[in-house]
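Student: Mind looking at a prediction? Sequence and model below.
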Amino acid sequence: MMPEFSPQALDALRQPLETGEVSIARVNHRTTYPARFQLAAAMNPCRCGGGPGAGRCRRGPRCAIEYQARLSGPLLDRIDIQLDVPGVTAADLALPAAAEGTAQVAARVAEAREVQQGRSGGLNSALAPTALEQVGALDESGQALLSQAAVSLQLSARGYHRTLRLARTIADLDGHTGVLRRHVAEALSLRRSWASPIEGSMASVSS
Ligand SMILES: [Zn+2]
């Protein structure tokens with residue numbers, strides 16, 4: 001549960017998430033260590049668990065607002081995929097298993113990683129913005145969508161590049177050489193707007 005950590009501890013993640021390194025400064029000494037990692041985290045809408053909508057919270061909307069405010073905007077800006085996860089209902093449990101199993105997805109991911117290595121000698125996550133703009137060149141309608149979203153979602157420069165990076169990866173998983181509008185749309189749908197508090201539990205991944 002991410003908001004249970006202190007805001008200072010959470011914000012200390014910003015540097016390694018951005019640079020893949022962590023610097024420790026003492027009186028006469030400063031050392032830098034490698035720290036490339038993938039962050040996967042989860043949180044409830046409020047401390048009571050289910051959030052105001054689930055009837056388990058008696059403190060009202062303030063409870064969720066205060067709890068979610070423990071995660072700073074700059075930290076959230078560095079998290080690429082943010083998903084609302086609604087509660088599981090009895091009807092969900094009766095559904096058939098997903099068509100694509102874990103092994104098939106793992107094979108598709110391995111293939112996409114190979115394509116990325118072959119194209120630029122590294123993974124999309126390690127590309128500098130200029131290199132990313134070359135390998136993530138968008139078609140006209142994809143570019144129009146991203147530019148429009150950058151204004152309406154008030155994307156930071158970092159948010160813009162992180163969305164482009166995710167769209168490139170989605171296109172790789174889709175087996176596409178070019179990045180299309182639908183890849184951009186999917187990447188944008190995974191970058192949630194923080195104007196309104198989340199309703200269900202949340203899972204998030206940053207790479
Ligand atoms: Zn609550």
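Tutor: Great, that's in hand.

Student: Buried ones in stretch 80-100, by neighbour count?
Tutor: Judged by neighbour count (16 or more other Cβ atoms under 10 Å), stretch 80-100 contains these buried residues: 80-82. For every residue, glycine as well, the C-beta is placed using N, CA and C.

Student: Could you do stretch 137-150 as well?
Tutor: Those buried within stretch 137-150 under the rule 16+ other Cβ under 10 Å are 138, 142, 145-146, 149-150.

Student: What segments of the chain are helices?
Tutor: 7-11, 14-19, 61-68, 73-77, 90-93, 102-120, 129-135, 140-152, 157-173, 181-189 (DSSP state H).

Student: how about a markdown table for these, with distance to Val27 and mean pLDDT added?
Tutor: Below are these laid out as a markdown table (distance: least, Cβ to Cβ, whole Å; pLDDT from 0 to 100):
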| stretch | distance to Val27 | mean pLDDT |
| --- | --- | --- |
| helix 7-11 | 20 | 91 |
| helix 14-19 | 20 | 90 |
| helix 61-68 | 37 | 87 |
| helix 73-77 | 28 | 89 |
| helix 90-93 | 56 | 84 |
| helix 102-120 | 41 | 94 |
| helix 129-135 | 36 | 88 |
| helix 140-152 | 43 | 92 |
| helix 157-173 | 32 | 93 |
| helix 181-189 | 44 | 94 |
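
Student: could I get those as JSON lines with distance to the ion?
Tutor: What follows is these, written out as JSON lines (distance: least, Cβ to the ion, whole Å):
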{"stretch": "helix 7-11", "distance to the ion": "18"}
{"stretch": "helix 14-19", "distance to the ion": "27"}
{"stretch": "helix 61-68", "distance to the ion": "3"}
{"stretch": "helix 73-77", "distance to the ion": "20"}
{"stretch": "helix 90-93", "distance to the ion": "24"}
{"stretch": "helix 102-120", "distance to the ion": "34"}
{"stretch": "helix 129-135", "distance to the ion": "40"}
{"stretch": "helix 140-152", "distance to the ion": "31"}
{"stretch": "helix 157-173", "distance to the ion": "29"}
{"stretch": "helix 181-189", "distance to the ion": "27"}
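
Student: Out of those, which is closest to Arg47?
Tutor: Across those, the minimum distance to Arg47, taken as Cβ to Cβ, is reached by helix 61-68, at 5.3 Å.

Student: Output that closest one as PDB, nothing but the C-alphas.
Tutor: Output for helix 61-68, consisting of C-alpha atoms alone and laid out as PDB, is shown next (Å, rounded to 0.1, in the frame of the first residue of the first chain):
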ATOM      1  CA  PRO A  61     -14.700  12.100   0.600                       C
ATOM      2  CA  ARG A  62     -12.100  13.800   2.700                       C
ATOM      3  CA  CYS A  63     -10.700  10.400   3.700                       C
ATOM      4  CA  ALA A  64      -9.800   9.500   0.100                       C
ATOM      5  CA  ILE A  65      -8.600  13.000  -0.800                       C
ATOM      6  CA  GLU A  66      -6.200  13.100   2.200                       C
ATOM      7  CA  TYR A  67      -5.000   9.600   1.700                       C
ATOM      8  CA  GLN A  68      -4.300  10.000  -2.100                       C
END
